[in-house]
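Student: Just need the structure, nothing else, for what follows:
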Amino acid sequence: MCKGRYYCFLLLVALGIGILSFNVNVPSASAHVKYTVVPNSLRGTYYNYSKKTHKWSRVIFTKYTYKIGNRPKLSGKKLIGGLYPQLNIFKYKSYYMTEEGGCDNYQAWYKGITVNKHGKRMHALKELVSYPGIKHEYTRVWYPSKIKFTQDPVVYV
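Tutor: Prediction:
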């Protein structure tokens, strides 16, 4: 009698394993969060001089962060609510748009350029500025050091 129960138990276990292995679909679990990485052409510290206010502004790009002026630093590694990176960067045509993650607040449009100052070429950033109520967009150039240009520099795109 004991042998019969033992064989029935083995048969049920074998059937159960066979059914489970046949019907189980294992989803691929990708728990890796994709961080926002700043493109190489934008990385660095850049300055802009305002003739109107006679003050310097600074923008800093690192591999994962973006900081402009007195605004808080945005990081591509920090997550908002565990879903969105704090910093998003999208490319549209030749410009990169920096955006606060989880909302539609864009910060600015940037593009890496080369400028010529007294025969010396240097990497700079060109910012496309557009605000509501402004008729036309204009550009602002950010330089790698505190340089006051008396005239418009030659810009190589």
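Student: Quick check: Cys102 vs Gly81, distance?
Tutor: In this structure residue 102 is Gly, not Cys. Per C-beta to C-beta, to the nearest Å, Gly102 is found 7 Å from Gly81. Every C-beta, even on glycine, is put in place using the N, C-alpha and C of the backbone.
Student: ok, the closest residue to Leu87 other than its chain neighbours - contacts?
Tutor: With sequence-adjacent residues excluded and distances taken as C-beta to C-beta, 6 or more residues apart in numbering, Leu87 is closest to Leu74, at 3.9 Å. Going by C-beta atoms under 8 Å, 6 or more residues apart in numbering, Leu74 touches Thr65, Tyr66, Lys67, Gln86, Leu87, Thr98, Glu100, Gly101, Gln107.
Student: try 10 Å this time
Tutor: By C-beta atoms under 10 Å, 6 or more residues apart in numbering, the residues touching Leu74 are 36, 64-68, 85-89, 98-101, 107.
Student: List phi and psi for it.
Tutor: With angles defined as degrees, to the nearest 10, Leu74 shows backbone torsions of phi -100, psi 130.
Student: quick thing: my sequence starts at 772, can you match it?
Tutor: That works, and once the first residue is 772, the last one we named lands at Leu845.
Student: is it in a bridge, and if so with what?
Tutor: Residues in a beta bridge with Leu845, per DSSP bridges, are Tyr837.
Student: Could you do the one 10 residues further on as well?
Tutor: The residues paired with Tyr855 through beta bridges, assigned by DSSP bridges, are Ile851.
Student: how much space between it and Gly872?
Tutor: 4 Å.
Student: shared neighbours of those two, anything?
Tutor: What both Tyr855 and Gly872 touch, as defined by C-beta under 10 Å, 6+ apart, is the set Thr807, Lys849.
Student: neighbour count winner among the two?
Tutor: Comparing Tyr855 with Gly872 by other C-beta atoms under 10 Å, the one with more neighbours is Gly872, at 19 against 16.
Student: Surely the more buried one and Pro856 touch.
Tutor: Yes - assessed by C-beta atoms under 10 Å, Gly872 is found in contact with Pro856 at 4.8 Å.
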